[in-house]
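Undergrad: Structure here, sequence nowhere to be found:
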């Protein structure tokens, strides 16, 4: 079964939400790592926007200075359907690096 593995790298994310992935034909998110790159604790939101509604994967999650959190672990996956938009933001300017791993256009 051939798959198209991809990643999205975001650097210095702040208080404005950024788009990590826009769902196509049932893409599967297989990893989201959020790293605090500043010297104070930050709060992180990661969510899927669907029809102007936000569905949170993480809301106001505290990330200590110079630390990271992994939102998808142990083989878990999150499926994005066409039009779903995975987004993230921090409560502090230029404080968050994000690595998102996903499978694009799942094939059989």
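TA: Here it is on my side, so go on. Bear in mind the structure is a predicted one, so any value in this text is a computation, not a measurement.
Undergrad: Quick one: residues contacting the most centrally placed residue in the chain.
TA: Among the residues of the chain, the smallest C-alpha distance to the mean C-alpha position (CA atoms, centre = their mean) belongs to residue 32, namely 5.0 Å. Residue 32 makes contact with 20, 46, 57, 70, 71, 72, 88, 98, 99, 100, 101 under the criterion CB atoms under 8 Å, 6 or more residues apart in numbering. All C-beta spots, glycine's among them, are computed from the backbone N, C-alpha and C.
Undergrad: Please identify the buried residues of the helix or strand harbouring the first one?
TA: The one in question is residue 20. With the criterion set as DSSP states H and E, the secondary-structure element containing residue 20 is strand 18-22. Residues 18, 20, 21 are the ones in strand 18-22 that count as buried (16 or more other CB atoms under 10 Å).
Undergrad: how distant is the helix or strand just after it from the center of its chain?
TA: Tracing the chain C-terminally past strand 18-22 and defining elements by DSSP H and E, one meets strand 27-36 next. Using CA atoms, centre = their mean, to the nearest Å, the distance from the centre of strand 27-36 to the centre of the chain it belongs to is 5 Å.
Undergrad: Within the sheet, what are the partner strands of the helix or strand containing residue 44, with directions?
TA: Element membership of residue 44 [criterion: DSSP H and E] is strand 42-50. Pairing partners of strand 42-50, with direction, according to DSSP bridges: strand 53-63 (antiparallel), strand 85-90 (antiparallel).
Undergrad: and the angle for it with strand 27-36?
TA: What separates the directions of strand 42-50 and strand 27-36 is an angle of 160 degrees, with axes from the mean of the first three to the mean of the last three CA atoms, to 10 degrees.
Undergrad: in strand 42-50, what counts as buried?
TA: When burial is assessed from 16+ other CB under 10 Å, strand 42-50 yields the following buried residues: 42, 43, 44, 45, 46, 47, 48, 49.
Undergrad: which one among the residues you listed gets closest to residue 9?
TA: Proximity to residue 9 was ranked across these by CB to CB; first place goes to residue 46, at 15.0 Å.
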